[in-house]
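A.B. asks: Sequence and predicted structure, then a few things I'm wondering about:
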Amino acid sequence: MHFIKKSSTFTPVNTMEVTIIIPVYNRADVVKATLESVVTQTHRPLQVILVDNYSTDDTLQVLENFKKEHPGEGFNVVITREEHHTAGAARNRGFELSTGEWVLFFDSDDLMDEHLVESYVKVINRAQKAGRQLDIISARSSLVFPDGSTRQAPFHKRDIFAQHILHAQLATQRYAVRREFFAGTDGWNINLPGWNDWELGLRLLLARPHIAYMGGKSRIIINHNGADSITGTEFHSRHGQWEHVIDIMKNEVRCSQLKAKYKTRYERLLEYRRMVLAAQYEREGCSDLSIPLCRQAYKALGDSYGNNRRWRWLVAPVTRRLFARIATGKRGSARIARLLY
């Protein structure tokens, strides 16, 4: 499955400049396909900011070659470097240099359909004609796995807080954001080496954006294709990092201006995600990590219900079954969790 075409011509949609920000670290070979999918975009003007995170291979040279090979009006390639070694820091550095009215963050091993940016701009234009100002546009995406299989990432137009907590609907590649709106947030958390986009997505939602959802086919391919993917292939080697992100997000919900009933629900869903992490540890053969984490999530969920009859007779038994399902690799538990908690 791929998007890149051997030749492409662009048709200017309007004069709206869009910025694409891509952090890169030791991706000399992989990033070439991503860059080709960027240069085929049918929208202009386009600013492309490539942030080298001080790679130790030939990545910087690949980026510089790309800039030399694609000069042209309406396609402005900016190369910069960021020595703080996290993708969040690199993305923040790129954002500092952005000039587009709208911004797309993208990863160096993923692909975009040639009409992706144009499709975003069409949604923006329709909203403007209707007198609406958008802040975020959520888009469909496809996932590619190590065995070559693909599936559509969950995409929903309702209950966006829950869907993001459960499915990371505002993951790095899966949305466009108005630059002025993003500038009013704290940006990427540079101290989080993993799940930083999941945490950022929640903060963006807590800032109460006006959101639109881009329908139609998937125009983004997210690579989950092995150890070279930024998503990785396992969790136990970085245990503690994931749990820390969940704790941060719970605190953000707790300190937000949401109504109490929503705070309670979203905190429960975050504890469910803690339980999912515990089940993943179990699948990876790390019961020493799984058991205490599962107990922690289970206790927090029980406490949130006051250990009442609903918890004891319905939620607790289903929660235990959900853990068992996830630990054996069965899918579909998130749909149950969204209704249960």
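C.D. replies: Ah, there it is.

A.B. asks: Just the strands from the stretch 201-341 of the chain, written as ranges.
C.D. replies: Remark: strands assigned in the stretch 201-341 of the chain by DSSP state E, counting those that start in this stretch are 211-214, 220-223.

A.B. asks: where's the first one relative to the chain centroid, distance-wise?
C.D. replies: Averaging C-alpha coordinates over strand 211-214 and over its chain gives two centres that are 15 Å apart (C-alpha atoms, centre = their mean, to the nearest Å).

A.B. asks: Kindly report the same for the last one.
C.D. replies: The chain centroid and the centroid of strand 220-223 are separated by 11 Å, computed with C-alpha atoms, centre = their mean.

A.B. asks: Parallel or antiparallel, list what pairs with it.
C.D. replies: Strand 220-223 has its sheet partners listed here by DSSP bridges as strand 111-112 (antiparallel), strand 142-144 (parallel).

A.B. asks: Low-confidence bits of the protein, can you list those?
C.D. replies: Residues of the chain meeting the criterion pLDDT under 70: 1-14, 225-233.

A.B. asks: 80 instead?
C.D. replies: For the chain, the stretches with pLDDT under 80 are 1-14, 72, 224-233.

A.B. asks: how does it divide into domains?
C.D. replies: Following automatic domain parsing, the chain resolves into domains at 18-223, 236-340.

A.B. asks: Can I get those domains in JSON lines including mean neighbour count?
C.D. replies: Using the backbone N, CA and C atoms, a C-beta is placed for each residue, glycine as well. Shown next, in JSON lines, are the domains of the chain (neighbours: other C-beta atoms under 10 Å):
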{"stretch": "domain 18-223", "mean neighbour count": "19"}
{"stretch": "domain 236-340", "mean neighbour count": "16"}
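
A.B. asks: Quick one: the helices in the stretch 1-150 of the chain, in order.
C.D. replies: Ranges of helices in the stretch 1-150 of the chain, per DSSP state H, counting those that start in this stretch, are 30-39, 59-69, 87-96, 116-129.

A.B. asks: Phe105 is in contact with Thr172, correct?
C.D. replies: Yes. Contact criterion C-beta atoms under 8 Å: Thr172 and Phe105 qualify, at 5.1 Å.

A.B. asks: Tell me how far the residue nearest to Asp113 when sequence neighbours are not counted lies from Arg44.
C.D. replies: By the measure of C-beta to C-beta, 6 or more residues apart in numbering, the closest residue to Asp113 outside its immediate chain neighbours is Arg219, 3.7 Å from it. From Arg219 across to Arg44, the span is 17 Å (C-beta to C-beta, to the nearest Å).

A.B. asks: which ones are touching the spatially closest residue to Thr34 that is not a sequence neighbour?
C.D. replies: Distance criterion C-beta to C-beta, 6+ apart; nearest residue to Thr34, sequence neighbours excluded, is Ser108 at 5.5 Å. Contacts here follow C-beta atoms under 8 Å, 6 or more residues apart in numbering; on that basis Ser108 touches Ile22, Pro23, Val24, Tyr25, Arg27, Val30, Val31, Thr34, Ile230.

A.B. asks: Who are the contact partners of the fifth one?
C.D. replies: When the contact criterion is C-beta under 8 Å, 6+ apart, the partners of Arg27 are Ser55, Thr59, Val62, Ser108, Asp109.

A.B. asks: for the third one, same thing?
C.D. replies: Val24 sits next to Val31, Leu50, Val51, Asp52, Asn53, Ser55, Thr59, Leu63, Ala90, Ser108 when contact means C-beta under 8 Å, 6+ apart.

A.B. asks: likewise the first one?
C.D. replies: Contact criterion C-beta under 8 Å, 6+ apart gives Val31, Thr34, Val38, Val48, Ile49, Leu50, Val51, Gly94, Phe105, Phe106, Asp107, Ser108 as the residues in contact with Ile22.

A.B. asks: Tell me where the stretch 201-341 of the chain has helices.
C.D. replies: Along the stretch 201-341 of the chain, the stretches classed as helices by DSSP H, counting those that start in this stretch are 241-254, 260-283, 287-304, 309-310, 316-327, 333-340.

A.B. asks: Need those in CSV (columns: distance to Ile211).
C.D. replies: CSV is the format used below for the helices of the stretch 201-341 of the chain (distance: least, C-beta to C-beta, whole Å):
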stretch, distance to Ile211
helix 241-254, 18
helix 260-283, 16
helix 287-304, 27
helix 309-310, 32
helix 316-327, 28
helix 333-340, 18
